[in-house]
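Colleague: only geometry, no sequence info:
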């Protein structure tokens, strides 16, 4: 899918598996995703073992287990954003056992099992690219029969308003680290 946002900005959205199917270089695409992931991280662990574990939890496992739910935004052949999605319920999956807040959210995860992580290059934020990536994921999840999706974020994070504009509702919150973690959910049965 392609569109032109602001004057002179041409961005295309693709599934990683579709780019690979037509011979695009997987290593270069993943390197672009990893570059954005690292630059968007609020804190990057100094310890290399901790850094690998952080990347595994929040990115790498999605690239392995849910490859068909990896969407890439490209502009001029360069990766400028990505979204990784997951269909499985994180409250019941051992892959997410280290994230204790999912036990608090377990009842909500039943109706909103899918989740996502999204990041954009800082120079490409505010142009509708994130919304296009999420729309592509919604379309795929609906086709797969998934009933709901959630995101987990801090109450004070700038992305809360973004998710609310896309139809996510605050369903529950829990204290964590001096702040609050929100569980925002959206049904996938209808449009915005």
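Modeller: Structure's in. What do you need? Remember, it's a predicted structure, so these values are computed and weren't measured experimentally. Numbers count the residues shown, from 1 in each chain.
Colleague: Okay, and residue 35 sits in which element?
Modeller: Following DSSP states H and E, one finds residue 35 within helix 26-40.
Colleague: Now do the phi/psi pair for residue 92.
Modeller: Main-chain dihedrals, residue 92, degrees, to the nearest 10: phi -110, psi 0.
Colleague: Give me the buried positions along the helix holding residue 35.
Modeller: The neighbour-count check on helix 26-40 (16 or more other C-beta atoms under 10 Å) flags 29, 30, 32, 33, 34, 36, 37, 40 as buried. All C-beta spots, glycine's among them, are computed from the backbone N, C-alpha and C.
Colleague: Report all helices and strands that it contacts.
Modeller: helix 16-21, helix 48-55, strand 70-75, strand 78-86, strand 114-120 (3 or more C-beta pairs under 8 Å, 6 or more residues apart in numbering; DSSP states H and E).
Colleague: could you redo the last one with a cut-off of 10 Å?
Modeller: Packing contacts for helix 26-40, counted by 3 or more C-beta pairs under 10 Å, 6 or more residues apart in numbering; DSSP states H and E, involve helix 16-21, helix 48-55, helix 61-65, strand 70-75, strand 78-86, strand 114-120.
Colleague: Could you give the average pLDDT over it?
Modeller: Helix 26-40 comes out with an average pLDDT of 95.
Colleague: what helix or strand is the closest residue to residue 106 other than its chain neighbours on?
Modeller: Of all residues not flanking residue 106 in the chain, residue 91 sits nearest, at 3.9 Å (C-beta to C-beta, 6 or more residues apart in numbering). Assigned by DSSP H and E, residue 91 falls within no helix or strand.
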